[in-house]
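Visitor: What follows is a predicted structure for the sequence shown.
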Amino acid sequence: MGVCKEKQTPRKKSKSQLFFFEGWGHEDTGIEVVTVSGELLGKAGEEISEKYRDWCHWKADLPGAQRPLEEIERINARMEEDDNSIKKAIGFSAKELFLEASRLQDQYKGKKEAPFKITLVS
């Protein structure tokens, strides 16, 4: 099916560890997406993984959604609660992880090597 190329580094980043992230893409076009590592979320437990997935869903969905104000306030409160739970469990908030993954995606998009785990399929 696909070929997995991995490269990791133990050096620390100021905001988070690079091993917290993984890149996905194709051999011909390079990295397309950088996400928070499934391994990191797995170590944090299913509840934290679900909270992060929910947080990301609402982060992507909320800005363009036409919802009543009360529902938006409820979602924002839940996102803040989830963000705090994630930070307590792994040391970084969902927002910090999301922003760092976005930054890394911008930096490594189209590249075939990165200082974190990448999977490029043929």
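Guide: Structure's in. What do you need?
Visitor: Please make it C-alpha for all contacts and neighbour counts, starting now.
Guide: OK.
Visitor: Listing partners with orientation, what would you give for the strand or helix carrying Gly25?
Guide: Using DSSP states H and E, Gly25 sits within strand 21-26. Take DSSP bridges as the rule and strand 21-26 pairs in its sheet with strand 30-36 (antiparallel), strand 117-121 (parallel).
Visitor: Out of those, which is closest to Gly91?
Guide: Smallest distance to Gly91 across those (C-alpha to C-alpha): 13.6 Å, for strand 30-36.
Visitor: State the mean pLDDT of the closest one.
Guide: Average pLDDT, strand 30-36: 96.
Visitor: What residues of it count as buried?
Guide: 30-36 (16 or more other C-alpha atoms under 10 Å).
Visitor: Make a markdown table from the residues you listed and add distance to Asp61 to it.
Guide: Output for those, formatted as a markdown table (distance: C-alpha to C-alpha, whole Å):
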| residue | distance to Asp61 |
| --- | --- |
| Gly30 | 27 |
| Ile31 | 24 |
| Glu32 | 21 |
| Val33 | 18 |
| Val34 | 19 |
| Thr35 | 17 |
| Val36 | 19 |
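Visitor: Closest to Ser102 out of those residues?
Guide: Nearest to Ser102 among the buried residues of strand 30-36, with distances taken as C-alpha to C-alpha, is Val34, at 7.0 Å.
Visitor: can you count the residues close to the closest residue in space to the closest one that isn't next to it in sequence?
Guide: Spatial nearest neighbour of Val34, chain neighbours left out: Gly23 (4.3 Å); criterion: C-alpha to C-alpha, 6 or more residues apart in numbering. When neighbours are defined as other C-alpha atoms under 10 Å, Gly23 has 27 of them.
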